[in-house]
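Asks: what would the 3D arrangement of this be:
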Amino acid sequence: MHGVEKVQLRKLSSSGSQPLPTSANTVLCCFPVHQCSGRPLSNIFRHIDVHHSCDIYDRLIPIMTADSRCSAAEPPGLETQRREIECLLRECELRAGDSWYVIDRRWFEQWREFVESGDQNSSSFPGQIDNTELFEDLDSYHLKERLVENEDFVLVPAEAWHKLLAWYGMVDGQPPLERKVVDLPSTLKVEVYPVEIFLCLHSNMENVITDQFSRTDSIHAIQTAMCRAFSVPPGSECRLWMKSSDSSCERLRNVHVSVLDACLSSGMTVIMEMRNSDGTWPSSRPQIMRNSVEEQDSYRGQPGVCGLTNLGNTCFMNSALQCLSNTPPLTEYFLQNSYLNELNFTNPLGMKGEIAEAYADVIKQMWSGRHYSVVPRVFKTKVGHFASQFLGYQQHDSQELLSFLLDGLHEDLNRVKNKEYIELRDADGRPDQEVAGEAWRNHRRRNDSVIVDKFHGLFKSTLVCPECHKVSVTFDPFCYLSVPLPVSKERVMEVFFVSLDPYAKPVQHRVVVPKAGKVSDLCAALSDMTNVPPTQMVVADVFNHRFYKIYNADESLSCILDRDDIFVYELAQVSQEEQVLLALYLRERSHYRDYGSGSSSYGTSLFGHPLLLNVPQSSCSREELYSRFLQRLARYVRTPDPSEELEEEVEEEEDEEEELYKSQTNGISDDEQEGAEAAGSSPTPNCGGSSSDSQSDGTAAADLQPDVNQTPSAEREDAETSNGSVIQAEPGHCAGGDQACSAQEGMSACADQSACADQSACADQSACADQSACADQSACADQSACADQSACADQSACADQSAAGCADQSAAGCADASAAGCADATPEQPCETTEEENAETKQEEACSPTPPPNENPAKRRACRRRRKNLFTIQAVNSNGTTERGMGDGGSAVSFSSQPYVAIDWDPDMKKRFYNENEAEKYVKHSSMEVPQQQATVQLQECIELFTTVETLEEENPWYCPVCKKHQLATKKLDLWSLPEVLIIHLKRFSYTKFTREKLDSIVDFPLRDLDFSDFLLRKSLSSEEPPSRYDLIAVSNHYGGLRDGHYTSYAKNKDNAQWYYFDDSKVTYASEDQIMTNAAYVLFYHRQDKIRKPTLPSPLANSAPSTNNVASNKDEDEALGASSSSYITMETD
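Replies: Numbering: from 1, shown residues only. Sure thing, here's the model as predicted:
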């Protein structure tokens, strides 16, 4: 049975315009629906029992109740109904996004039978539209699964549906089954089954609701539905996440894309989160927050006064972000969420909106006023993802990051979705005003964003062909001005001059040299002050007690940085004999052996300042070198007095000890031992201090010994040079074959000449320098008559020269020179017995008869007393460390490259005879007293340089359309229009083909009233042009040089107009007189007509704060031991 329809009939007045009073004109009638729907009102009226004796009803108006779906329109005839519906079904095509409706097939077929019968009273009357058979249940009204079109339902276009609904109405409570046409990859089809999605809030994941959305619906429609369903306060900033599994979530960034494009499917969950009051998102709070939640919730600071944590060499990024954060128009644009409606997700030149969103997150956290410091890790990751040059944690340039960031923000926020191609035109003699206007309009047709609005200006570029004089004028946009600094052609260098006079202290000089000069120019300038010929100077870079580099005269001065410690050494006048440039290091032996190094040698450490001296090839024996070194160090090394006669006894025994010495660094190898034994059995006597190989120059060692006693031992004043450094080797050669001055044991067996009565007769009185005369001169009064001085005078009978007191290891086969009386023992060699025991043992051995040649040398004992040296000599590498195989063990040394020698001090000997205070002293030349005037440059000079005419470089020629070839044209830039925010980049880093340097000149830039009116091209006078006066709002600073440095920033808060100093996570108050320094690198200016007045009073207006540290991370301060202070400790990354 059909239902009953309630109809209100109103009686109108006879005029038909006004109804009668309600009490008189309303009749409530109830009758079967099939008697109402689709029938003329006259038929309906016949069923009404009218109880009023009034005039006939001129018009009956059926009025629907709240639950009724009957239309007020009277249906047309049945034939008209059939014709209209069939026409719509036949002609309507599927178009993406159109709505179609699902109708139960049985109802539709009954309607078709009804209209085809032509009888209004036909029993086939369909009644109201009823889709009950299509639903699983009447509570949720979910469609049954796997319904088939034309079997279970039919689809009608929206217009046909509305007609049928108006004619027949719909069953109460049933929702219309509206479905969208979706554009699938291969076809268009009506989406009968929409996407069913679970919805919930991030703050309450348990409360999940289900809703259906078409695949053509936008993500914004889902967001709107969620805001309505969960009663989200209006104005809240929300973002959605798509959860496809238990562990996978993905941001739905672009709310304007469709559900289909977002790859949302039935069964997925969409999570909504609202931004916290501190600017963070609930999902990222644990990653971004550095301080505890309690601290952050309780902290309330000035918005914008917030540090940025250094993630590792990210000070360049922090400095740029702080400057942009304190640029009012850009920050307000993000704080007001204006960027949300302008995110461009389809721009192929952009970053899909990710850079803009990541930057917005950082800004909102910094300006929430609830953070001491923010960790910009997500932003850093995004920057590295889209700009591979910023991947990792290397040092970079803040201006380069700033350039990338402004361009990235522009493309992510570009309002132009589809960029049209625009062909650029040359001026061709047209007025500048016309060409500039055309260029700016063309630029805005492709580039329209907040960055263009606030940061882009226009300059005029004029190119002139040097051949045909064709003039090309174009107008190009700019985002910042990179202005050059005036470059001086000279530089001031501070060097230390080390005189040849051993008693003269090093002198610090300040010299002026050509910036593009060579090392020889430095020597020439220093020669004018010292009267020392430049040819007698050697320039070296000293670092950490080593030579970092020894320079050749023709090397460029650009290799030397201002912070390098440069020493210039005076060399002795070169004689006819070939000289060797010897680098001398000072080392101290440790008391303990360094077993951890893989050997049982003694460790050493460098100290003091290294020296450079030239030595004749004939004077490369250890005895001669010991004498020269002692004389060169006479100012701070005291020679022993006669009352402090130092003697030591040495011994050799036990072949375990011998094998130990063989295996250690700079000991004699097995091959050398065999060669030494062969030399020991040779009838030729040679025990004076070098083997026959090491004395290849033919000069006896005994003839090379100067009288050390002639060297005064008076102490002098101290000399101090700055810290030293490691070297690169320079070629140099010394006689003596292949032996590398490696402080082999036995080389300086008699380095103390004061113990020898006859220097010419014995080079080593305690160690048998002249073996042919006497093995031990101290034991023989008549050397010519003594065939055997109890110390093996007959070399041919001695298989082990070291046991007889011989100082030459290579000839004697001595594996333990220190045990054989060699004063020049390596500091790494272990000593198993005390010096007294060694001395006694060797004295006994020296007085014993010579053993047979076939006796095991390691089992013999030699004992004698000899003069003890202050230090020992060891050949080393450029780093000052000893390497295996540095020499062959003779007493003369030879070099195949730049020779480096270390003199090793025993700690006790160093304490007694080495004056550290004296060694560190130096004097200042009068040139150092003159105050160095740091160059100051006016910002206006830099801008003038920017607008001067220059010639293009060969790498960047211009193609002349008249000459039809590339030309090195002249180029001139002029400023045409300036933006609201003007960024000026000071080009402090200068790179040319020959030089690389950082310019530390102070640029005098105004904090207020920077007037550009003199630099703008004169245009027609009009009141429409904005003023050209600017005030400073931020500065990015760079401290350091080319290789490393540190970035900070000064910025003025837009709310209270107070200046702050931002050094990574630390923020301090700053005064205006602190801002202009030689570290200023990027300047931010704001045009005066756009500056709004501060809304808060300055925090320093009423009373001075107790500390300048206004915002710093408490955890970091405790970890670094930082206390509240008014100064900033600079640290390089």
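Asks: can you give me the domain boundaries for this structure?
Replies: Following the TED database, one finds the domains of the chain at 78-182, 195-274, 305-486+935-1090, 490-593+602-637+870-882+896-928.
Asks: can I get those domains in JSON lines with mean neighbour count?
Replies: All C-beta atoms are positioned from the backbone trio N, CA, C, and that covers glycine. What follows is those, written out as JSON lines (neighbours: other C-beta atoms under 10 Å):
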{"stretch": "domain 78-182", "mean neighbour count": "16"}
{"stretch": "domain 195-274", "mean neighbour count": "15"}
{"stretch": "domain 305-486+935-1090", "mean neighbour count": "18"}
{"stretch": "domain 490-593+602-637+870-882+896-928", "mean neighbour count": "19"}
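Asks: got JSON lines for those, with mean pLDDT and distance to Pro1099 too?
Replies: Putting the domains of the chain into JSON lines (pLDDT from 0 to 100; distance: least, C-beta to C-beta, whole Å) gives the following:
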{"stretch": "domain 78-182", "mean pLDDT": "89", "distance to Pro1099": "56"}
{"stretch": "domain 195-274", "mean pLDDT": "87", "distance to Pro1099": "29"}
{"stretch": "domain 305-486+935-1090", "mean pLDDT": "90", "distance to Pro1099": "6"}
{"stretch": "domain 490-593+602-637+870-882+896-928", "mean pLDDT": "88", "distance to Pro1099": "38"}
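Asks: which one of those lies nearest to Pro1097?
Replies: Closest to Pro1097 of the domains of the chain is domain 305-486+935-1090 (C-beta to C-beta; 6.5 Å).
Asks: start and end of that closest one, how far apart?
Replies: 22 Å (C-alpha to C-alpha, to the nearest Å).
Asks: would you map the strands across the stretch 901-1050 of the chain?
Replies: Taking DSSP state E, counting those that start in this stretch to define them, one finds strands in the stretch 901-1050 of the chain at 923-924, 936-938, 950-951, 958-960, 965-967, 970-977, 981-987, 989-991, 996-998, 1002-1004, 1010-1011, 1029-1040, 1045-1052.
Asks: for those strands, which one sits closest to Cys315?
Replies: strand 1045-1052 (4.3 Å).
Asks: okay, the domains of the chain in a markdown table with distance to Ser284 next?
Replies: Output for these, formatted as a markdown table (distance: least, C-beta to C-beta, whole Å):
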| stretch | distance to Ser284 |
| --- | --- |
| domain 78-182 | 34 |
| domain 195-274 | 9 |
| domain 305-486+935-1090 | 7 |
| domain 490-593+602-637+870-882+896-928 | 42 |
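Asks: follow-up on the earlier one: so for Lys470, which of the strands of the stretch 901-1050 of the chain sits nearest?
Replies: strand 958-960 (5.6 Å).
Asks: how much space between the residue nearest to Cys306 when sequence neighbours are not counted and Asp104?
Replies: Once flanking residues are discounted, Cys306 sits nearest to Met366: 4.3 Å by C-beta to C-beta, 6 or more residues apart in numbering. For Met366, the distance to Asp104 equals 60 Å [C-beta to C-beta, to the nearest Å].
Asks: which stretches of the stretch 601-750 of the chain have low pLDDT?
Replies: Scanning the stretch 601-750 of the chain for pLDDT under 70 picks out 601-602, 645-750.
Asks: could you rerun that using 90?
Replies: 601-605, 613-631, 638-750 (pLDDT under 90).
Asks: nearest to Val1110, out of the domains of the chain?
Replies: In terms of C-beta to C-beta, the element of the domains of the chain nearest to Val1110 is domain 305-486+935-1090, at 5.3 Å.
Asks: quick one: the strands in the stretch 401-550 of the chain?
Replies: Going by DSSP E, counting those that start in this stretch, the stretch 401-550 of the chain shows strands at 457-464, 471-478, 481-484, 490-498, 507-514, 537-543, 546-550.
Asks: just put these in CSV and tack on distance to Arg90.
Replies: Below are those laid out as CSV (distance: least, C-beta to C-beta, whole Å):
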stretch, distance to Arg90
strand 457-464, 59
strand 471-478, 56
strand 481-484, 67
strand 490-498, 90
strand 507-514, 93
strand 537-543, 92
strand 546-550, 92
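Asks: between those strands, which one is nearest to Leu968?
Replies: Closest to Leu968 of the strands of the stretch 401-550 of the chain, according to C-beta to C-beta: strand 457-464, at 10.5 Å.
Asks: other residues contacting that closest one?
Replies: Defining contact as C-beta atoms under 8 Å, 6 or more residues apart in numbering, one finds that strand 457-464 is touched by 432, 436, 439-440, 470-478, 958, 969-979, 982, 1017.
Asks: cutoff 7 Å now
Replies: The contact list for strand 457-464 (C-beta atoms under 7 Å, 6 or more residues apart in numbering) reads 432, 436, 439-440, 471-478, 958, 969-979, 1017.
Asks: direction included, what does it pair against?
Replies: strand 471-478 (antiparallel), strand 970-977 (antiparallel) (DSSP bridges).
Asks: let me have those in TSV, adding distance to Asp1063 as columns.
Replies: Shown next, in TSV, are the strands paired with strand 457-464 (distance: least, C-beta to C-beta, whole Å):
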stretch	distance to Asp1063
strand 471-478	30
strand 970-977	34
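Asks: quick one: end-to-end length of stretch 950-959, please.
Replies: End-to-end distance for stretch 950-959, by C-alpha to C-alpha: 16 Å.
Asks: right, and His966 touches Tyr959 too?
Replies: Yes: contact criterion C-beta atoms under 7 Å: His966 and Tyr959 qualify, at 5.2 Å.
Asks: so which of the strands of the stretch 401-550 of the chain is nearest Tyr333?
Replies: Closest approach to Tyr333 among the strands of the stretch 401-550 of the chain is made by strand 457-464 (18.5 Å; C-beta to C-beta).
Asks: mind exporting the closest one as PDB, just the C-alpha atoms?
Replies: Extracted in PDB, the C-alpha atoms of strand 457-464 (Å, rounded to 0.1, in the frame of the first residue of the first chain):
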ATOM      1  CA  GLY A 457      63.700  45.800  -8.200                       C
ATOM      2  CA  LEU A 458      64.800  46.700 -11.700                       C
ATOM      3  CA  PHE A 459      68.100  47.800 -13.100                       C
ATOM      4  CA  LYS A 460      69.100  49.000 -16.600                       C
ATOM      5  CA  SER A 461      71.800  47.100 -18.400                       C
ATOM      6  CA  THR A 462      73.600  48.800 -21.200                       C
ATOM      7  CA  LEU A 463      76.000  46.900 -23.500                       C
ATOM      8  CA  VAL A 464      78.100  48.500 -26.200                       C
END
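Asks: sounds good, over and out.
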